[in-house]
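Visitor: here is my input; please provide its structure:
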Amino acid sequence: MNNPFTSAIQSLGQNFTDLGTGLNPAFAPQAIQLFGFNIPGVPLISPRDYFLVQMESWFTAIPNTSQWIIVIDNYPQALRTNVIQGLERHDGTRKGFDIDTARAILNSFPLQKIVGCLFAHSITIPTEQYAVNTVSVPNNRGFLPGVLGGARETEFPSLVIEFRETNTSFIDFVLRPWVILGSHFGMCARPGDVDNRKDPKNMKVNMTLLEYTFTYHSISMIPRKVFHFYNCMPYQISEQSLDYSDPKLTTYATRWTYSNYTVENNLYLPIADVVNRIANGAIPRITSFQNGLGSINPLGFL
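Guide: Numbers count the residues shown, from 1 in each chain. Predicted structure coming up:
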């Protein structure tokens, strides 16, 4: 297992750093000279070989984008049969919007916390961009116009998550009532937005997206990147189409609004040491559980 700290950073890192700060002395080989680009046809380091070697290290390896989970921290307290039946029309038998049994199953610990929300199928992380405008002057001839940065270009924050349809429908017995209740109670600030005092009418929750990567064969994966989305609420569920074709995996897209988000890496953990110790036969204890099955450590380390 290649250690990037000893192979790349120690050999070339100081040269690149000093080159950027102007501290690299004139008689020392410059970064471009280390690769031999100043000697036609005789490179000192093969760019291809160097690239392939670095692809073996944990830091520059290509991740598997299918290894991720989404954890919905909590569910609204108002997501109950009596609340939604008190707001929506239903039949006299009171079976319409009777969601308590299905909700209790779908929101249970095994289906929501061990590998995140088990029904999440795909997720689209919102883009980031801002407006760029030009300032032109009359008859500027061949001169390029000036460039000005404008507002952060997001009409409103929106997170797209697709969920799988199953026999006990997470779409129709959790998310659909959630959207309806959100339209009744609104998105105004309520206790629980920034603290732990939860208002029963607060329909906003926090969600955590963990993107995992491999460590070593037969060893648990670890998260390489973590997104936190705050004050999330679903506001749209895509339409459903039924036909008599062959059975197939059915997913429905949902849109969520949120107030803000953060992204963090996992490099504060001694990942290089962990991976190298694994390669040398020292197997650390890496698990998703803490104190048995009663609680979970989403970062995967004890």
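Visitor: switch to C-alpha atoms for all contacts and neighbour counts from now on
Guide: Fine.
Visitor: where in the stretch 1-150 of the chain is pLDDT low?
Guide: For the stretch 1-150 of the chain, the stretches flagged by pLDDT under 70 are 1-44.
Visitor: number of nearby residues for Leu175?
Guide: Neighbour count for Leu175, taken as other CA atoms under 10 Å: 21.
Visitor: residue contacts, it?
Guide: By CA atoms under 8 Å, 6 or more residues apart in numbering, Leu175 lies in contact with Pro234, Ile237.
Visitor: can I take it that it is in a helix?
Guide: Yes - looking at Leu175 with DSSP: H, G, I helix; E, B strand; the rest coil, it is inside a helix.
Visitor: what's the strand ranked longest in the chain in contact with?
Guide: Criterion DSSP state E: the longest strand present in the chain is strand 222-237. Identification of contacts with strand 222-237 by CA under 8 Å, 6+ apart yields 175-176, 178-179, 182-183, 193, 203-215, 252-267, 299-301.
Visitor: in the protein, what residue sits furthest out from the centroid?
Guide: Distance from the C-alpha centroid of the chain, by CA atoms, centre = their mean, peaks at Asn139 (48.2 Å).
Visitor: residue contacts, it?
Guide: So Asn139 contacts nothing (CA under 8 Å, 6+ apart).
Visitor: and it, backbone torsions?
Guide: Backbone torsions of Asn139, given as degrees, to the nearest 10, read phi 50, psi 50.
Visitor: measure it to Pro145 for me?
Guide: 11 Å (CA to CA, to the nearest Å).
Visitor: again, but for Glu88
Guide: Distance from Glu88 to Pro145, by CA to CA: 57 Å.
Visitor: check Asn107 too.
Guide: Distance from Asn107 to Pro145, by CA to CA: 56 Å.
Visitor: who has more neighbours, these two?
Guide: Asn107 (18 against 13).
Visitor: what about the nearest residue to Ala61 once chain neighbours are set aside, how many residues nearby?
Guide: Once flanking residues are discounted, Ala61 sits nearest to Met55: 4.9 Å by CA to CA, 6 or more residues apart in numbering. Residues lying near Met55 (other CA under 10 Å) number 15.
Visitor: and Met55, how far from Tyr235?
Guide: Distance from Met55 to Tyr235, by CA to CA: 42 Å.
Visitor: ok, and what's touching stretch 153-167?
Guide: Counting by CA under 8 Å, 6+ apart, 119-126, 128-131, 170-171, 249-260 sit against stretch 153-167.
Visitor: confirm Val53 sits in a helix?
Guide: Yes - counting by three-state DSSP, Val53 is found in a helix.
Visitor: neighbours of Arg164, how many?
Guide: Neighbours around Arg164, by other CA under 10 Å: 17.
Visitor: tell me who's in contact with the residue nearest to it when sequence neighbours are not counted.
Guide: Closest residue to Arg164 apart from its sequence neighbours, by CA to CA, 6+ apart: Thr251 at 4.4 Å. Thr251 makes contacts with His121, Glu162, Phe163, Arg164, Glu165, as judged by CA under 8 Å, 6+ apart.
Visitor: between the residues you listed, which sits nearest Arg103?
Guide: Glu165 (14.4 Å; CA to CA).
Visitor: return the per-residue confidence for the closest one.
Guide: Glu165 carries a pLDDT score of 94 in this model.
Visitor: ok, now Met187?
Guide: 86.
Visitor: ok, so what distance separates it from Tyr235?
Guide: In terms of CA to CA, Met187 sits 10 Å off from Tyr235.
Visitor: hang on, the earlier thing: tell me which helix or strand comes right after the longest strand of the chain.
Guide: strand 251-257 (DSSP states H and E).
Visitor: immediately after that next one, which helix or strand?
Guide: Assigned by DSSP H and E, the successor of strand 251-257 is strand 260-265.
Visitor: what's across from Tyr212 in the sheet?
Guide: Pro223 (DSSP bridges).
Visitor: also Gly149?
Guide: Val132.
Visitor: mind checking how far it is from Thr134?
Guide: 9 Å.
Visitor: before we move on, the earlier item: for the residue nearest to Arg164, report the pLDDT, please.
Guide: Value for Thr251, per-residue pLDDT: 94.
Visitor: also the one 10 residues further on?
Guide: Per-residue confidence for Tyr261 comes out at a pLDDT of 92.
Visitor: okay, now the nearest residue to it once chain neighbours are set aside: neighbour count?
Guide: Nearest non-adjacent residue to Tyr261, counting by CA to CA, 6+ apart: Phe229, 4.4 Å away. For Phe229, the neighbour count with other CA under 10 Å is 19.
Visitor: which parts of the chain are helices?
Guide: 4, 14-21, 31-34, 47-54, 81-87, 100-106, 109-112, 170, 176-185, 271-279 (DSSP state H).
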